[in-house]
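[1] Got a predicted model here, sequence first, then my questions.
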Protein chains: 2
Amino acid sequence: MRGSKLIEITPLDQLPLLNQGDDLAGLIVKRARKMGAGIRNRDVLVVGQKAISKTEGRVVDIRHVKPSARALTIAKRTGKKPEFVELVLRDSQRVVRADKEALIVTTRTGATCLNGGVDKSNVKGDTKYALLPQDPDASARSLVKRVKLLTGKNVGVVVCDTRSRPFRRGQVEECIGVAGMSPLVDYRGQKDLFGYRLRFKNVALADELASAAELVMGQGRERAPAAIIRGLERVKFQNRASSKRLAISPSEDLFRGTL
Amino acid sequence: MRGSKLIEITPLDQLPLLNQGDDLAGLIVKRARKMGAGIRNRDVLVVGQKAISKTEGRVVDIRHVKPSARALTIAKRTGKKPEFVELVLRDSQRVVRADKEALIVTTRTGATCLNGGVDKSNVKGDTKYALLPQDPDASARSLVKRVKLLTGKNVGVVVCDTRSRPFRRGQVEECIGVAGMSPLVDYRGQKDLFGYRLRFKNVALADELASAAELVMGQGRERAPAAIIRGLERVKFQNRASSKRLAISPSEDLFRGTL
């Protein structure tokens, strides 16, 4: 296809299995070079949460976890392992549902999700679970910095994780951390095709980038924990960024009271 | 970038303003030819709801709408125009929230969204509003058929619309109609990197395709009501498809009771 406005999404596949302390940015840069021209200015790197959690040492063996009294109570209510519940609670600010069907919490960083994002897929060892990164925005910032150091290029980074959603079947990837770019593109106050002023449009671009990257990243066996998105015209690259802007407080949430 | 697994997303921009009766598939095929090789087998066309609503004549002048008694009541409660509320109610099966902050309904096709998807952005005329297509899956099927007729190629079609979401700030595009491909890719029962069996993973690929296309489609002024996504390896092309599979009933919804 010709057309200057097309975007390309390339999986960074065939990466080695990741462990604590690995230089994830270095591996991404190396793989990008091997595949072509390497990283460029204004590329957005989308990186899976699990890759970051593994390299940051956020993998926990539940045999070494001591459940609190609260974890024991919730474990009973949900039928889940007390040690697993303990891990979920440690990084939560609020439990929103806890019964036999689901454990849903709001994490410290404001995301409301099943099991607080703690899970064991693509983690080695029957008793090992991956936690979310301690501070996914900080993880994203450190990738932006390290890519700059290694390549001289300015990129945006989106950390993504799999999310179930209210009202919808199936999961999509959403942004849980961001750096180097604004996660939203705000059209409010701008005019449409016919001069009508847009009142609500505020696109969660970082969530869309996360979902777009998933189309090539697959589910682990492809060893593509990251993807490069190139050619984006609407991303606003900037130093200050926070994924917390994508979380909405219950009082602002228009879907309050609907579920 | 080399790498056989990359995908390309190309906006079909500079399309004429659309009106009832226009051959949308024909315009898309023509524009794709002008931009390069034209449509290919296994392309996915993502098409904005408004383009379909306009060509299907789903634009209504509210001066010709007579509000029902129920619409008048809800108009009072929400502070919205009675005629607008009437349009929203006509295509709804359930009102889930109606007050000064928001009117949220479940549409006939099972989507739960603000104003039932009725809106006036990018619609010409101060009193004119676009409704959702009567049957977005049928709209998608007719595009698949017409593209096949014009080009001989087998494509998937995703009809997308802008959606606000519970718990999250900002909107993303989601799938409201699909044809030629499965909207979900189910990994349940498959094994991860280390042989652990995946229990929940069922990716809403059609929603991810909708969000990915939005990255190039913009907000109307670009006149890019559609995009071509090429190079997808995980799409399951098939004749039988329905976007209804993406809607979840309240009893199955794990987020029930959390908002």
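    That came through fine. None of these values were measured; they are calculated from a predicted model. Residues are numbered from 1 along each chain as shown, chains lettered A, B, ... in the order given.

[2] residues near A:Glu101, how many?
    14 (other C-beta atoms under 10 Å in any protein chain shown). Using the backbone N, CA and C atoms, a C-beta is placed for each residue, glycine as well.

[3] same check, this time on A:Ser121
    21.

[4] likewise A:Lys244?
    15.

[5] what do you get for the one 10 residues further on?
    By other C-beta under 10 Å, the residues close to A:Leu254 number 18.

[6] Which residue ranges make up each domain of chain A?
    As given by automatic domain parsing, the domain ranges for chain A are A:1-58+A:133-250, A:59-132.

[7] would you turn the ones you listed into JSON lines with mean pLDDT?
    Conversion of the domains of chain A to JSON lines gives the following (pLDDT from 0 to 100):
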{"stretch": "domain A:1-58+A:133-250", "mean pLDDT": "93"}
{"stretch": "domain A:59-132", "mean pLDDT": "95"}
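
[8] okay, these, which one's buried deepest?
    domain A:1-58+A:133-250 (a mean of 20; mean count of other C-beta atoms under 10 Å in any protein chain shown).

[9] so what's the one residue in the stretch 51-200 of chain A that gets nearest to chain B closest to, chain neighbours aside?
    Distances between the stretch 51-200 of chain A and chain B by C-beta to the nearest C-beta are smallest at A:Gly170, namely 3.2 Å. In space, and not counting its chain neighbours, A:Gly170 is closest to B:Ala204: 3.2 Å by C-beta to C-beta, 6 or more residues apart in numbering or on different chains.

[10] That neighbour reaches B:Leu184, doesn't it?
    Yes - applying C-beta atoms under 8 Å, one finds B:Ala204 in contact with B:Leu184, separated by 6.0 Å.

[11] can you list residues touching both of the two?
    Each of A:169-170, B:246 lies in contact with both B:Ala204 and B:Leu184 under the rule C-beta atoms under 8 Å, 6 or more residues apart in numbering or on different chains.

[12] JSON lines please, covering the domains of chain A and showing distance to B:Pro250.
    What follows is the domains of chain A, written out as JSON lines (distance: least, C-beta to C-beta, whole Å):
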{"stretch": "domain A:1-58+A:133-250", "distance to B:Pro250": "9"}
{"stretch": "domain A:59-132", "distance to B:Pro250": "13"}
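
[13] Nearest to B:Ala212 among these would be which one?
    domain A:1-58+A:133-250 (3.6 Å; C-beta to C-beta).

[14] how close does A:Arg163 get to A:Ala111?
    Using C-beta to C-beta, to the nearest Å, one gets 8 Å for the distance from A:Arg163 to A:Ala111.

[15] oh, I was asking about A:Tyr129
    A:Tyr129 is 17 Å from A:Ala111, by C-beta to C-beta.

[16] ditto for A:Lys81
    For A:Lys81 relative to A:Ala111 (C-beta to C-beta), the value is 22 Å.

[17] cool, and A:Val123?
    20 Å.

[18] just A:Glu8 next, same as before
    29 Å.

[19] near chain B, which residues of the stretch 51-200 of chain A show up?
    Contact residues (C-beta under 8 Å from any C-beta of the partner chain) of the stretch 51-200 of chain A with chain B: A:96-97, A:101-102, A:104, A:111-112, A:114, A:120-126, A:162, A:164-174, A:183-184, A:187, A:190, A:192-194, A:196, A:198, A:200.

[20] The same query, at a cut-off of 7 Å, please.
    Within reach of chain B by C-beta under 7 Å from any C-beta of the partner chain, the stretch 51-200 of chain A has these residues: A:96-97, A:101-102, A:104, A:112, A:114, A:120-122, A:124, A:164-172, A:184, A:187, A:192-194, A:196, A:198.

[21] Keep only those of the residues you listed that are in strands.
    A:96-97, A:104, A:112, A:114, A:164, A:171-172 (DSSP state E).

[22] Need these in TSV (columns: distance to B:Val65).
    Below are these laid out as TSV (distance: C-beta to C-beta, whole Å):
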residue	distance to B:Val65
A:Val96	39
A:Arg97	40
A:Ile104	40
A:Thr112	38
A:Leu114	42
A:Ser164	38
A:Gln171	39
A:Val172	35
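
[23] who does the biggest helix by length in chain A touch, helix- and strand-wise?
    Using DSSP state H to define each element, chain A has its longest helix at helix A:136-151. Where contact means 3 or more C-beta pairs under 7 Å, 6 or more residues apart in numbering or on different chains; DSSP states H and E, helix A:136-151 is packed against helix A:24-35, strand A:156-164, strand A:171-179.

[24] Report the separation between A:Ala51 and A:Cys160.
    In terms of C-beta to C-beta, A:Ala51 sits 10 Å off from A:Cys160.

[25] let me fix that: A:Leu27
    Taking C-beta to C-beta, one finds A:Leu27 at 17 Å from A:Cys160.

[26] How about A:Arg141?
    16 Å.

[27] Over to A:Ala138?
    A:Ala138 is 16 Å from A:Cys160, by C-beta to C-beta.

[28] what does A:Val60 give?
    Taking C-beta to C-beta, one finds A:Val60 at 21 Å from A:Cys160.

[29] Kindly report the same for A:Val118.
    16 Å.

[30] Assign A:Glu214 to helix, strand or coil.
    At A:Glu214 the chain is in helix, as set by DSSP: H, G, I helix; E, B strand; the rest coil.

[31] wait, isn't it in contact with A:Glu173?
    Yes - contact criterion C-beta atoms under 7 Å: A:Glu214 and A:Glu173 qualify, at 4.1 Å.

[32] helix/strand/coil for A:Ala210?
    A:Ala210 ends up helix, using three-state DSSP.

[33] Leaving out chain neighbours, which residue sits closest to A:Leu45?
    A:Val157 (5.0 Å).

[34] ok, that neighbour touching A:Gly180?
    Yes - using C-beta under 7 Å, A:Val157 makes contact with A:Gly180 at a distance of 5.8 Å.

[35] where do the contact lists of these two overlap?
    A:Val144 (C-beta atoms under 7 Å, 6 or more residues apart in numbering or on different chains).

[36] dump the residue contacts of A:Lys100.
    A:78-79.

[37] separation between it and A:Ala71?
    Applying C-beta to C-beta to A:Lys100 and A:Ala71 gives a distance of 16 Å.

[38] Over to A:Ser164?
    22 Å.

[39] Can you show me the helices along chain A?
    So, for chain A - with DSSP H - the helices run A:24-35, A:49-55, A:69-78, A:82-90, A:136-151, A:205-217.

[40] my guess is A:Ile104 contacts A:Arg94, does it?
    No - taking contacts as C-beta under 7 Å, A:Ile104 lies outside contact range of A:Arg94: 9.7 Å.

[41] Name the residues contacting each of those two.
    Joint contacts of A:Ile104 and A:Arg94 (C-beta under 7 Å, 6+ apart) do not exist.

[42] residue contacts, the closest residue in space to A:Asn19 that isn't next to it in sequence?
    Setting aside the residues directly before and after it, A:Asn19 is nearest to A:Lys54 in space (C-beta to C-beta, 6+ apart), at 6.4 Å. Residues counted as contacts of A:Lys54 (C-beta under 7 Å, 6+ apart) are A:18-20, A:130.

[43] If we use 8 Å, what do you get?
    A:18-20, A:22, A:123, A:130.

[44] any idea which of those residues is closest to A:Arg146?
    After measuring the contacts of A:Lys54 against A:Arg146 - C-beta to C-beta - the closest member comes out as A:Asp22, at 12.0 Å.

[45] got a list of what that closest one touches?
    A:16, A:54-55.

[46] my read: A:Gln93 touches A:Thr112, true?
    No - here A:Gln93 does not reach A:Thr112: they are 10.0 Å apart, not a contact under C-beta under 8 Å.

[47] which residues are in contact with both of these two?
    A:105-106.

[48] Okay, and the beta partners of the spatially most central residue of chain A?
    Geometric centre of chain A, nearest residue: A:Cys160, 2.1 Å, by C-alpha atoms, centre = their mean. Listed beta-bridge partners, A:Cys160: A:Gly48, A:Cys175 (assigned using DSSP bridges).

[49] Alright, that wraps it up for me.
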